[in-house]
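**Q** this one's structure only:
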């Protein structure tokens, strides 16, 4: 698996979408995204790479080379969670693991609600 493919997979997972959801979000067919993530591991054209990187909050340079990580994040969105993060930082891993699982489950359910389009 190419480094580009690994980084792309990792970033899609990081934003909490599956490949089909991510493809729809950026206006690609799932099959097209599969060519960048699958056995073929082809590189997208520049305009598509820019769309992908922008939707993931990273630069094209990072996806291709791994040299630059996340674009600056507006930290003001996260300040409301500072006290929770401070508390989590002191917990041992065996306590954190089930908490992460529960939080991820709640977040996944919320994401599904937000992306559900009734028939």
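**A** Nice, thanks for sending it over. Since the model is a prediction, treat every value here as computed from it, not as a measurement. Residues are numbered from 1 along each chain as shown.

**Q** Show me which helix runs longest in the chain.
**A** helix 93-115 (DSSP state H).

**Q** Buried by neighbour count: which residues of that one qualify?
**A** Residues of helix 93-115 include none that count as buried (16 or more other C-beta atoms under 10 Å). For every residue, glycine as well, the C-beta is placed using N, CA and C.

**Q** so who does residue 60 touch?
**A** Residues in contact with residue 60 (C-beta atoms under 8 Å, 6 or more residues apart in numbering) are 46, 49-50, 52-53.

**Q** could you pull out the helices for this structure?
**A** 3-14, 19-26, 30-37, 46-56, 60-65, 82-89, 93-115.

**Q** on that earlier part again, packing partners for the longest helix of the chain?
**A** If contacts are counted by 3 or more C-beta pairs under 8 Å, 6 or more residues apart in numbering; DSSP states H and E, helix 93-115 sits against no helix or strand.

**Q** what's the angle from that helix to helix 19-26?
**A** Relative orientation of helix 93-115 versus helix 19-26 (axes from the mean of the first three to the mean of the last three C-alpha atoms, to 10 degrees): 50 degrees.

**Q** Leaving out sequence neighbours, find the closest residue to the residue most central in space within the chain.
**A** Central residue check for the chain by C-alpha atoms, centre = their mean: the C-alpha nearest the mean position is that of residue 15, 2.5 Å away. In space, residue 15 comes closest to residue 56 once its chain neighbours are excluded; the distance is 6.1 Å by C-beta to C-beta, 6 or more residues apart in numbering.
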